[in-house]
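Trainee: A structural model of the following input is requested.
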Amino acid sequence: QVQLAESGGGLVQFGGSLRLSCAASGSIYSIYDMAWYRQAPGKQREFVATIARGGERNYADFVKGRFTISRENAKRTVFLQMNSLKPEDTAVYYCHSIITDNRAWARLDYWGQGTQVTVSS
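Mentor: Just a heads-up that it's a prediction; the model follows:
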């Protein structure tokens, strides 16, 4: 069984910073893309950033220049450094990854449970 566990959310003031972490664990053979999504109250879940196993990064336009995604493959962990936070960044942030499970030998999508980020004005 594969699990993704996020940490690092919390309450921060306008202009502040937070660093989110997401660690993958379980019966993992290989991890491909790792990404962050977010969902604000009353809105659909939206893409934030993704990083390929080789390090290629892509960002949503609304976070370019403020957020940085990175990963440590040996630790099966992805990070999201969030700077210059705004109240509109308030959301539950979810980790997502494409992983091959070494029991089922299937490449599947996995999601974490989410971590709340609240930015006060």
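Trainee: contacts only, for Ser21.
Mentor: Ser21 makes contacts with 6-8, 77-79, as judged by CB atoms under 8 Å, 6 or more residues apart in numbering. To be clear about C-beta, it is placed using only N, CA and C from the backbone, and glycine gets the same treatment.
Trainee: of the residues you listed, buried ones?
Mentor: 6, 8, 77-79 (16 or more other CB atoms under 10 Å).
Trainee: can you redo the residues you listed as JSON lines with distance to Arg107, pLDDT and secondary structure?
Mentor: Written out in JSON lines, the entries for these read as follows (distance: CB to CB, whole Å; pLDDT from 0 to 100; DSSP: H, G, I helix; E, B strand; the rest coil):
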{"residue": "Glu6", "distance to Arg107": "22", "pLDDT": "96", "secondary structure": "strand"}
{"residue": "Gly8", "distance to Arg107": "27", "pLDDT": "97", "secondary structure": "coil"}
{"residue": "Thr77", "distance to Arg107": "20", "pLDDT": "97", "secondary structure": "strand"}
{"residue": "Val78", "distance to Arg107": "17", "pLDDT": "98", "secondary structure": "strand"}
{"residue": "Phe79", "distance to Arg107": "23", "pLDDT": "98", "secondary structure": "strand"}
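Trainee: would you point out which residue is most central in the chain?
Mentor: For the chain, Trp36 is the residue whose C-alpha lies nearest the centre (CA atoms, centre = their mean; 2.9 Å).
Trainee: quick one: contacts for Ile31?
Mentor: For Ile31, the contact set (CB under 8 Å, 6+ apart) comprises 24, 53, 73, 76, 97-100.
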